[in-house]
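*Asks:* give me a model of this one.
(2 chains)
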Amino acid sequence: MLDRFEIRLSGTGGQGIVLAGIILAEAAGIYEGKHVVQIVSYGPAARGGTSRADVVISENEIDYPKAMGLDVLLAMNQMACDESTPELKPTGILVVDSLLVTQTSNPRVVQIPFTRIAREKCGREQMANIVALGTLSQLIPAMPAGAGIVSRESMEAAVMARIPPGTEKMNKLAFEEGIKAAEEIQKTLVFEEPSEDHDQI
Amino acid sequence: MHRRKKPEPKAQLMQGNEACAEGALIAGCRFFAGYPITPASEIAEHLSYRLPQVDGTFIQMEDEIASMGAVIGGSLAGVKSMTATSGPGFSLMQENLGFACMAEVPCVVVNVMRGGPSTGLPTNPSQGDVMQARWGTHGDHPIIVLSPSSVMECFTLTVKAFNYSEKYRTPVIFLMDEVVAHMREKVVLPEPNEVTVIDRVKPSVPPEWYLPYEDTSFGVPPMGIFGEGYRYHVTGLVHDIRGFPTLRQDEIEPFLLRLFRKISIHFADIQLVESFHTEDADLVIVAYGCTFRSAHRAMVEARARGLKVGLLKLITIWPFPRRVVEPLTRAKKTLLVPEMNMGQISREVKRVNQGMTTVLTVNKIDGTMITPQEILEKIEEEKK
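*Replies:* Numbers count the residues shown, from 1 in each chain, chains lettered A, B, ... in the order given. So this is what the prediction gives:
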């Protein structure tokens, strides 16, 4: 495993980006026992502004808490995608909500309509973040650099520990839909091996 | 027989603000008065439901001026008290903060720095309040200011802040920044019996013999608690040993000198720092708060390139740890001070330096954290 594995979740305020970041950090930190730092940045508005959560995972203690080269970028709107794509590592993968992100400059993109899946399969658009976490729990372990970062079981346990009581069934469904969507796309996806030249700074 | 198992240490993902609130509780804080403000609101939020659980009191005041007043009252009544705010609120607290210095009322004031001046940048980090923490309230006064750089330190140093305030009867300012306050890290909090908690010294004499501001060898008079029979006068005016206003020269100066002395004779206890590879380094980065984390990364990268770089982390920023910085300047090590302001601690480093060595700065005021790359560039520029 690399010294740092960096994931950025980025989107609009109200999409549950920060909560997804907390769940991801708990899955890796508490359930997998890794060192983890999660940092958020958001504007003053409660809804509608940009919202961003960076999660850095490492076997060692983490000093600089912000992303230096993204291994995974989840973009839940077009602006988030445009802003953060340049920070992706050459081996990193871009995961976008294909309903809200229509243009990407990165050819290594995973396009899944999280919001539509949430609306049509789970009945609520707000579940899009959990659908996305399901997808990430499937994609990250498949990456060469992502082995051992977070398992599907850890992620699911972390989701279930954070959600409000009474929504377990709905969240489990959303999580599984995310995994299903990822499995479909994974068949066509080829992961690049990380090489020495692509190391951070 | 059923034997009780020792509880397993439980790791949890915690935010800096929450860790600060939990640190306060374990240190014995049972009164919080404040007014919510980004990026410090989570401290108030967390304490608003945690304090009632431990028989404490949480009160949201009408503003920060009143908050600070309530904190002083709470402390005089014998309850460890705190408030938490950010730049704009910290400005409003200054008047009563001076009162707490003068009347020697222990309390902890958390200031989570955000971009300024004025309402500035509510959700962006900054380290612009370093000098305000030192000199924000008027008059010549000593103060203790601690600055954490990790979530765990938000916990441990809040306990230390309360301990210093109780031990030295002084307000302690806990100067966090937005990055550390909002960052989440995995922490394992210690059990209450694993934490050293210091409580104020109470008078051992009967109430009628009690002199509330009498000098002691330690420099700190025992503190009588209101409601326990010890009645005395508390004032913002310069007072004699009984607490009453005085204009006598032979009382004014000894009193003010004692205020300074009670801190200065305990510098070794108060001035906390951490050194990394400073012995063999020819360039030492001096950093505090979230900037320490970038500096640490820069040091690791620089060392990987064969550059002899060290790092001095300031945990106590006031009183400025001169006794640690001065030897570095005498050893002719180049000093580099990165900070998210136009040079507030670097100014202090330069004062200590007295032209002995070169002091470089990296200043950033665009509302974002200094990156390791920016520090590294400065190092390489210097090493050329």
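*Asks:* what's in contact with the helix or strand containing A:Ile93?
*Replies:* Element membership of A:Ile93 [criterion: DSSP states H and E] is strand A:88-97. Defining contact as C-beta atoms under 8 Å, 6 or more residues apart in numbering or on different chains, one finds that strand A:88-97 is touched by A:11, A:69-77, A:81, A:85, A:104, A:106, A:108-115, A:128, A:132, A:135-136, A:139, A:143-145, A:189, A:191-195, A:198, A:200. In this view, the C-beta of every residue, glycine as well, is placed from N, C-alpha and C.
*Asks:* and stretch B:218-238, end to end?
*Replies:* Using C-alpha to C-alpha, to the nearest Å, the end-to-end distance of stretch B:218-238 comes to 20 Å.
*Asks:* still on that earlier bit, list the contacts of whatever helix or strand comes next after the strand holding A:Ile93.
*Replies:* Per DSSP H and E, the first helix or strand lying C-terminal to strand A:88-97 is strand A:109-112. With C-beta under 8 Å, 6+ apart as the test, strand A:109-112 has contacts from A:93-98, A:101, A:104, A:131-132, A:135, A:139, A:178, A:181-182, A:185, A:189.
*Asks:* out of the residues you listed, which are buried?
*Replies:* Neighbour counting with 16 or more other C-beta atoms under 10 Å in any protein chain shown marks A:93-98, A:101, A:104, A:131-132, A:135, A:139, A:178, A:181-182, A:185 as buried within the contacts of strand A:109-112.
*Asks:* closest one to chain B out of those residues, please.
*Replies:* A:Ala132 (18.8 Å; C-beta to the nearest C-beta).
*Asks:* could you check how far the closest residue to B:Ala66 other than its chain neighbours is from B:Lys332?
*Replies:* Nearest residue to B:Ala66, sequence neighbours excluded (C-beta to C-beta, 6 or more residues apart in numbering or on different chains): B:Ala33, at 7.6 Å. Going from B:Ala33 to B:Lys332 by C-beta to C-beta, to the nearest Å gives 49 Å.
*Asks:* which one of the two has more residues nearby?
*Replies:* Neighbour tally, B:Ala33 and B:Lys332, criterion other C-beta atoms under 10 Å in any protein chain shown: the higher count belongs to B:Ala33, 25 against 10.
*Asks:* give me the pLDDT value at the more buried one.
*Replies:* Per-residue confidence at B:Ala33 stands at 97 (pLDDT).
*Asks:* that one belongs to a strand, doesn't it?
*Replies:* Yes. The assignment for B:Ala33 by DSSP: H, G, I helix; E, B strand; the rest coil puts it in a strand.
*Asks:* and it, bridged to which residues?
*Replies:* B:Ile59 (DSSP bridges).
*Asks:* how distant is the longest helix anywhere in chain A from the center of its chain?
*Replies:* What stands out as the longest helix in chain A, according to DSSP state H, is helix A:168-186. In this view, helix A:168-186 has its centroid 13 Å away from the chain centroid, taken as C-alpha atoms, centre = their mean, to the nearest Å.
*Asks:* now do stretch B:278-294
*Replies:* 20 Å.
*Asks:* now do the domain split for chain B, please.
*Replies:* B:11-194, B:274-383 (automatic domain parsing).
*Asks:* tell me the most buried of the ones you listed?
*Replies:* domain B:11-194 (a mean of 22; mean count of other C-beta atoms under 10 Å in any protein chain shown).
*Asks:* what's the first-to-last distance across it?
*Replies:* First-to-last residue span, domain B:11-194, C-alpha to C-alpha: 16 Å.
*Asks:* ok, now stretch B:309-320?
*Replies:* Terminal-residue distance, stretch B:309-320 (C-alpha to C-alpha): 22 Å.
*Asks:* ok, is it in contact with chain A or not?
*Replies:* No. Shown here: stretch B:309-320 not in contact with chain A (C-beta under 8 Å from any C-beta of the partner chain), separated by at least 10.2 Å.
*Asks:* now do that stretch, average pLDDT.
*Replies:* On average, stretch B:309-320 scores 96.
*Asks:* coming back round to it: write a PyMOL command that selects only the buried members of the contacts of strand A:88-97.
*Replies:* Selection of the buried residues among the contacts of strand A:88-97 in PyMOL, burial being defined by 16+ other C-beta under 10 Å:
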select buried, chain A and resi 11+69+70+71+72+73+74+75+76+77+81+85+104+109+110+112+113+114+115+128+132+135+136+139+143+145+194+200
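*Asks:* among the contacts of strand A:88-97, which are located in strands?
*Replies:* A:Gly11, A:Leu70, A:Asp71, A:Val72, A:Leu73, A:Leu74, A:Ala75, A:Val109, A:Val110, A:Gln111, A:Ile112 (DSSP state E).
*Asks:* which residues touch the residue nearest to A:Ile163 when sequence neighbours are not counted?
*Replies:* Among residues not flanking A:Ile163 along the chain, A:Asn171 sits closest, at 4.9 Å (C-beta to C-beta, 6+ apart). A:Asn171 sits next to A:Met127, A:Ile130, A:Val159, A:Met160, A:Ile163 when contact means C-beta under 8 Å, 6+ apart.
*Asks:* what does B:Gln127 give?
*Replies:* Counting by C-beta under 8 Å, 6+ apart, B:Gln127 has contacts B:Met113, B:Asp177, B:Tyr288, B:Gly289, B:Thr291, B:Glu339, B:Met340, B:Asn341, B:Gln344.
*Asks:* which pair in the residues you listed spans the largest distance?
*Replies:* The distance between the two most remote of these (C-beta to C-beta) is 12.7 Å, for B:Asp177 and B:Gln344.
*Asks:* fine by me, thanks again.
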